[in-house]
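Visitor: A predicted structure for the sequence below; I have some questions about it.
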Amino acid sequence: MLKIFESVPEFSHPADEPPYDCNDGAFMKLYRSVSLEEYKAYTGELKAAGFTLFDENRIKDNYYSGFKGSGFLLHTDYSSADGCMHVIADPNTNLYEKEEAAFDKPADTVLYQFEIDHSLIDCGMCYIIQCADNSFFIVDSAHVCSVPDNQRIYDFLRKLTPEGKKIIISGWFFSHGHVDHIGKFMDFLKYNYNDDVVIEKLYYNFVSCSHPDNGEWMISDKIFQLQFEELVKNYPEIPGIKLHSGQTFWVRNLKFDVLCTHEDIYPDDLINYNDSSTVLMMTACGNKVLFPGDAGEKESRLLETCYGDYLKCDIVQVSHHGHFGTTVEFYELARADVALFATTQIMYDGDWPVYAANRKAVELSREHYIASNGTVKIKLPYKPGATEVFPDETFEDFDAIYNLWGYEYTEERKKELREAFEKRRKK
């Protein structure tokens, strides 16, 4: 048995699978066929054994309790939908804020779908939320092939920050370790993290690169994630918070529910690395904004089963840039007024006839926006017709993108996409 569990009381029956390596020194036990009464009794046993409760939460019929142990945190979560209980011993994470911050004169809360540089690449995403105190919560960054974007992100934050004040990034969240989500953050740390910038916390939960299915992932997936993990060790002044399902945390006036991580997929396979995405629901100014990252079908089915109509939101980030990701049923439950596509117009047009889920997200929305067409500004609370789209700053290179990725479209389909591309360029 793992040493970290030696002081943890045993549940009434053995774990149903071998302990799962959650990465960053954390390990998990999975118990099936657990009742709510058994879960509550077990958390009571943890208290009696000297574990100190620091957080307790319920999202629909999903329960979470967080405890402080001797040298580690113990996270327990339970879902009535599938009767599964996870017990995670985590020795290296930091604690998160459990309450909303207070402001004397709150500023507007604004969500931006940031137009990353799609000149050479059609993937990557970056969302920037300006909080009520003018600090920023950022979701992901951009691909390493979006060459100038660490500087563009810095310039954007500088422009939105009051003159004479430092740029305060109150939180930077990473949905998963793909290079198009973490690449430009790494460059931001190297080249833009200076005396003018404060990064208060990093939030993420990356799957271990030693996962049994890692042989199915692209080599670059593992290389860049490992580089990220090594890089952040060089900045111990920036606390890292490892997120687990069931937690609710606050960043200024933004509330976040952690709905799913790679830990919930175990023991099913993770051949699709995208199903390691950490899924967040943000609540701000009475609006709900759903960030599934690149979640695939496995996470989608889990979310649908465990949360149902709790997925209803005002704004949804369409999963995996609008490529194969979450399901039609996922968007039917979300029923968002605004659908945000972190992709290029070329890829959006190419995917439109292929993926019914994209069409469903657009069909149910009032508005939808494509990142390559300009940064989108949504002041919260969302009001139909009030969204602003900034002028297009970069323009995708049709041939460069297709030569880089080699998408397998028919010659007829390529011709259609090129003609649409040329019409937009003439505009």
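Guide: The structure has been received and is ready for your questions.

Visitor: okay, CA-based contacts and neighbour counts for the rest of this
Guide: Will do.

Visitor: now do the helix or strand hosting K159, average pLDDT.
Guide: Secondary-structure assignment from DSSP states H and E places K159 in helix 149-160. Mean per-residue pLDDT for helix 149-160: 98.

Visitor: figure out how far the next helix-or-strand element following it is from the centre of its chain.
Guide: Per DSSP H and E, helix 149-160 leads on to strand 167-173 as the next helix or strand towards the C-terminus. In terms of CA atoms, centre = their mean, to the nearest Å, the centre of strand 167-173 is found 15 Å from the chain centre.

Visitor: also stretch 139-153?
Guide: The chain centre lies 16 Å from the centre of stretch 139-153; the measure is CA atoms, centre = their mean.

Visitor: how about it as CSV, C-alpha atoms only?
Guide: The C-alpha coordinates for stretch 139-153 follow below in CSV (Å, rounded to 0.1, in the frame of the first residue of the first chain):
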residue,chain,number,x,y,z
VAL,A,139,-7.9,30.4,-19.2
ASP,A,140,-5.1,28.7,-21.2
SER,A,141,-2.8,30.7,-23.6
ALA,A,142,-1.9,29.8,-27.2
HIS,A,143,0.2,27.5,-29.4
VAL,A,144,4.0,27.9,-29.6
CYS,A,145,3.4,28.6,-33.4
SER,A,146,1.4,31.7,-32.4
VAL,A,147,4.8,33.3,-32.2
PRO,A,148,4.1,36.8,-30.9
ASP,A,149,1.2,36.0,-28.5
ASN,A,150,3.0,36.1,-25.2
GLN,A,151,3.8,39.8,-26.0
ARG,A,152,0.3,40.3,-27.4
ILE,A,153,-1.3,38.9,-24.2
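
Visitor: okay, now the domains of the chain?
Guide: Listed by automatic domain parsing, the domain ranges of the chain are 3-90, 109-396.

Visitor: closest one to K426 among those domains?
Guide: When the domains of the chain are compared by CA to CA, domain 109-396 sits nearest K426, at 11.9 Å.

Visitor: first-to-last residue distance for the closest one?
Guide: Using CA to CA, to the nearest Å, the end-to-end distance of domain 109-396 comes out at 30 Å.

Visitor: for the helix holding K159, packing partners?
Guide: The contact analysis (3 or more CA pairs under 8 Å, 6 or more residues apart in numbering; DSSP states H and E) places helix 149-160 against helix 179-191.

Visitor: this protein: helices as residue ranges?
Guide: 36-48, 149-160, 179-191, 219-232, 297-307, 328-334, 345-351, 356-364, 398-405, 411-426 (DSSP state H).

Visitor: give me the residues contacting the last one.
Guide: What that stands for is helix 411-426. I346, D349, G350, F398 (CA atoms under 8 Å, 6 or more residues apart in numbering).

Visitor: then the fourth one?
Guide: The list of residues contacting helix 219-232 from outside it, by CA under 8 Å, 6+ apart, reads G177, H178, V179, I182, G183, M186, C209.

Visitor: one more pass at 7 Å, please.
Guide: G177, H178, V179, M186, C209 (CA atoms under 7 Å, 6 or more residues apart in numbering).

Visitor: for that helix, list the C-alpha coordinates in CSV.
Guide: What follows is helix 219-232, C-alpha atoms only, in CSV (Å, rounded to 0.1, in the frame of the first residue of the first chain):
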residue,chain,number,x,y,z
ILE,A,219,5.3,12.7,-28.4
SER,A,220,4.9,16.5,-28.4
ASP,A,221,2.0,16.1,-25.8
LYS,A,222,4.4,14.7,-23.3
ILE,A,223,7.4,16.9,-24.2
PHE,A,224,5.6,20.2,-23.7
GLN,A,225,3.7,19.1,-20.6
LEU,A,226,7.0,18.0,-18.9
GLN,A,227,8.6,21.2,-20.0
PHE,A,228,5.7,23.1,-18.4
GLU,A,229,6.0,21.1,-15.1
GLU,A,230,9.8,21.7,-15.0
LEU,A,231,9.4,25.4,-15.8
VAL,A,232,6.9,26.2,-13.0
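
Visitor: so it versus helix 179-191, what angle?
Guide: 30 degrees (axes from the mean of the first three to the mean of the last three CA atoms, to 10 degrees).

Visitor: cool, and the fifth one?
Guide: Between helix 297-307 and helix 179-191, the angle comes out at 90 degrees (the same axes, to 10 degrees).

Visitor: residues contacting helix 297-307, please?
Guide: K60, S79, A81, D275, G325, T326, T327, F330.

Visitor: list the buried residues for it?
Guide: E297, K298, E299, S300, R301, L302, L303, E304, C306, Y307 (16 or more other CA atoms under 10 Å).

Visitor: relative to K98, which of those is nearest.
Guide: Closest to K98, out of all of the buried residues of helix 297-307 and judged by CA to CA, is Y307, at 21.5 Å.
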